[in-house]
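**Q** I need the structure of the sequence given here:
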Amino acid sequence: TRVFISRKRGIPLPGDTVEELLKYVSYDTPLSLPQFLEKFNYYMPAIAGDREAVRRIAYEFVETKAKEGMAYVEVRYSPHLLANCNVDPIPWGQAKGDLTPDEVVQLVNQGLQDGERDFHIKARSILCCMRHMPSWSPEVVELCKKYRNNSVVAVDLAGDETLKVENYSEHKKAYEVCGISFLKEIIRKIHIEGMCGKGQAACFFDCKQLREVLRVREFLHLCPGEASKFSHVAADAKKVEIPNAGTAIRFRKDRANYSLNTDDPLIFNSTIDKDYGIVKEYMGFTEEEFKRININAAQSSFLPEKEKQELLNKLYEAYGMVPNAS
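**A** Below you'll find the model as predicted:
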């Protein structure tokens, strides 16, 4: 889709074919966070501001996840990074157009809903505030409220985690609005992400905050494929060093409330099967643990209670488990 849209719009990509483009945007070796973020500059200018691209990519995302065997998926994105109107600054060096963040959300919702219909899985979205653009955050929360019954289920904080954003007034305002609205359910999630980044418990494994999270069984995400590519991975026939492996193993042994997830699958060249393979081969995960953490994920999803229970029943049946067992 990215190659097709770039040709249609006359916006060059670093490669003329899918295979050539992947050489630039995907990678299998470790790199720094700035190097990772640079990948978006290769293809985002080709799709941002284009209605067909936004809707089609959302639709094809659902198709891809259905092929991976997903029953339910929550995808996060920034509406402002796909817009070219009513956003300051206009991202990716675009000229001013007429696609607003609000319409971006509508297009993504349509793509997800069409994908649900055609591929028979559930798909919902999480709207992202961006750490480097706090002025966008209040509108992100308002969009989340506006489309809360139309595919949008939550708000998140994304971007360069080296930035110190705790004192940005716009982020604080968005946080406060969440606190008095239907979004209060995810306040603790945002608080955790402010402490440890992406909710993955990567940077405070031995500190009091993590022990408290484990004590109250707060739900956390782990992205093993991402972790293995952000730092040095020493791989040979006998030894593979995976960053955050200790966290994942600790969570498994303590039967913590967590799930395994993919992150930016295009750039990380990942699927859920690949990520499961990492933890199965190098961290001792079993099929029973995969079932347990998938139940965790369903229980902690942002679906309404009725739909959440339907999803849980579907998983219990597929896994041959007794309802409410973990």
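
**Q** am I right that Val155 falls within a strand?
**A** Yes - Val155: assigned to a strand according to DSSP: H, G, I helix; E, B strand; the rest coil.

**Q** thought it was touching Ile126?
**A** Yes - counting by Cβ atoms under 8 Å, Ile126 is a contact partner of Val155 at 6.8 Å. Any C-beta I mention is one placed from the backbone N, CA and C, and that applies to glycine too.

**Q** can you pick out the residue with more neighbours from those two?
**A** Val155 (25 against 17; other Cβ atoms under 10 Å).

**Q** quick check: closest non-adjacent residue to that one.
**A** Cys144 (4.6 Å; Cβ to Cβ, 6 or more residues apart in numbering).

**Q** neighbours around that neighbour, how many?
**A** Neighbours of Cys144 (other Cβ under 10 Å): 27.

**Q** can you give me the strands for the stretch 201-326 of the chain?
**A** Under the criterion DSSP state E, counting those that start in this stretch, strands of the stretch 201-326 of the chain are mapped to 220-222, 258-260.

**Q** paired strands for the first one, with orientation please.
**A** So that's strand 220-222. strand 258-260 (parallel) (DSSP bridges).

**Q** got the contact list for the strand it pairs with?
**A** 219-224, 251, 272, 275-276, 279, 290, 293-294, 296-297, 300 (Cβ atoms under 8 Å, 6 or more residues apart in numbering).

**Q** which strand is the longest one in the protein?
**A** strand 122-130 (DSSP state E).

**Q** from the contact counts, what lies against that strand?
**A** helix 51-67, strand 72-77, helix 101-119, helix 137-146, strand 152-158 (3 or more Cβ pairs under 8 Å, 6 or more residues apart in numbering; DSSP states H and E).

**Q** repeat that with 7 Å
**A** strand 72-77, helix 101-119, helix 137-146, strand 152-158 (3 or more Cβ pairs under 7 Å, 6 or more residues apart in numbering; DSSP states H and E).

**Q** with mean pLDDT and distance to Asp50 added, can I get these in TSV?
**A** Listed next are the helices and strands packed on strand 122-130 as TSV, based on pLDDT from 0 to 100; distance: least, Cβ to Cβ, whole Å:
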stretch	mean pLDDT	distance to Asp50
strand 72-77	95	15
helix 101-119	98	10
helix 137-146	94	19
strand 152-158	90	21
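
**Q** lowest-pLDDT helix or strand in the chain?
**A** helix 187-196 (a mean of 37; mean pLDDT, DSSP states H and E).

**Q** so which of the helices and strands packed on strand 122-130 is nearest Ala83?
**A** Comparing the helices and strands packed on strand 122-130 against Ala83 with Cβ to Cβ, the closest turns out to be helix 101-119 (4.6 Å).

**Q** quick one: the closest one to strand 72-77, angle?
**A** Comparing the axes of helix 101-119 and strand 72-77 via axes from the mean of the first three to the mean of the last three Cα atoms, to 10 degrees yields an angle of 160 degrees.

**Q** before we move on, the earlier item: the strands of the stretch 201-326 of the chain: lowest mean pLDDT?
**A** Here the lowest mean pLDDT among the strands of the stretch 201-326 of the chain goes to strand 220-222, at a mean of 79.

**Q** quick check: the closest residue to Ala66 other than its chain neighbours vs Tyr77, distance?
**A** In this structure, Ala66 finds its nearest non-sequential neighbour in Phe119, 3.7 Å apart by Cβ to Cβ, 6+ apart. For Phe119, the distance to Tyr77 (Cβ to Cβ, to the nearest Å) stands at 19 Å.
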